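Asks: Here's my sequence, what's the structure:
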Amino acid sequence: MRTIVGVILLPVMLIITPMAILSGYAPGSFVLGVALWLAVGRKMPAGLAGKFALACFGALVAGLAWTIPVAGWAFVLALTMLGIGTLAAFALPDGMLLRRAEVTL
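Replies: Down below sits the predicted model:
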């Protein structure tokens with residue numbers, strides 16, 4: 001029975017995994033580009049072209065970091081997870097991701 005479920009779910013996972021990686025890598029590299037840009041002391045660009053350039057800059061830095069033999073893949077994996085978390089923070093309703101119970105003393 002488990003094999004039949006696996007055969008059915010395998011094509012779904014083969015489609016979802018690359019989509020999740022790509023959809024997490026793009027906002028993750030944008031966040032990296034913005035963080036590096038603001039760390040240098042520059043202002044955030046107002047137009048869409050400037051924000052796209054920051055995303056490309058972050059992707060370039062992530063691509064260069066990927067070439068580091070041991071830590072590069074871990075950095076890009078963390079960057080992708082950061083991007084997926086960023087998407088989840090914007091996709092979920094307000095307060096759902098960071099909902100905490102009230103603390104009474």
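Asks: Extract the residue ranges of this protein that are flagged as low pLDDT.
Replies: Scanning the chain for pLDDT under 70 picks out the ranges 1-2, 95-105.
Asks: Dead centre of the chain: give me the residue that sits there.
Replies: Gly83 (1.4 Å; C-alpha atoms, centre = their mean).
Asks: The helix or strand in which it is found packs against which elements?
Replies: Assigned by DSSP states H and E, Gly83 belongs to helix 72-91. When contacts are defined as 3 or more C-beta pairs under 8 Å, 6 or more residues apart in numbering; DSSP states H and E, helix 72-91 packs onto helix 2-39, helix 48-66. Using the backbone N, CA and C atoms, a C-beta is placed for each residue, glycine as well.
Asks: Buried deepest among these, which one?
Replies: helix 48-66 (a mean of 15; mean count of other C-beta atoms under 10 Å).
Asks: Would you mind getting the angle between it and helix 72-91?
Replies: Relative orientation of helix 48-66 versus helix 72-91 (axes from the mean of the first three to the mean of the last three C-alpha atoms, to 10 degrees): 150 degrees.
Asks: Does Ile68 belong to a helix, a strand or coil?
Replies: For Ile68, the assignment made with DSSP: H, G, I helix; E, B strand; the rest coil gives coil.
Asks: my bad, Met44
Replies: Per three-state DSSP, the secondary structure class of Met44 is coil.
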